[in-house]
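Chemist: Structural data only, the sequence is not supplied:
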């Protein structure tokens, strides 16, 4: 089950994983079609890259589904990176160490957002 608040992130990660898997399959097939050693090597290298991307995305999705993904957000005022730890909950407030704005984590339509509450 996916951690609440990350609906769009999960959707985008799954779509990206699908693209990487198609690329992996395509590059492997192309590496077999060409007799030219350099082209074969090029497409094999691309398939290795795609495989790495797919592994990374799968790991990210697993963290998301196991509620172990660190909740990283950006200050709505200055853009500073704010970590809310793993398994963040709506209602948590955080004060930006850079600009001093306090924001609250809210969930809207399945996605988390930081909303300013003062500074």
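Modeler: Looks like it came in fine. In this text the structure is predicted, and so the values were computed from the model without any measurement. Residues are numbered from 1 along each chain as shown.
Chemist: so what does the longest helix seen in the chain touch, helix or strand wise?
Modeler: Counting residues, the longest helix in the chain under DSSP state H turns out to be helix 37-65. Taking 3 or more C-beta pairs under 8 Å, 6 or more residues apart in numbering; DSSP states H and E as contact, the helices and strands that helix 37-65 lies on are helix 7-33. Yep, even glycine has a C-beta here, placed from its N, CA and C like the rest.
Chemist: Determine how far the helix it packs on lies from the middle of the whole chain.
Modeler: Here helix 7-33 shows a centroid-to-chain-centroid distance of 15 Å under the convention C-alpha atoms, centre = their mean, to the nearest Å.
Chemist: Return the list of helices and strands in contact with it.
Modeler: Helix 7-33 makes packing contacts with helix 37-65, strand 111-118 when contacts are defined by 3+ C-beta pairs under 8 Å, 6+ apart.
Chemist: Thanks a lot, catch you later.
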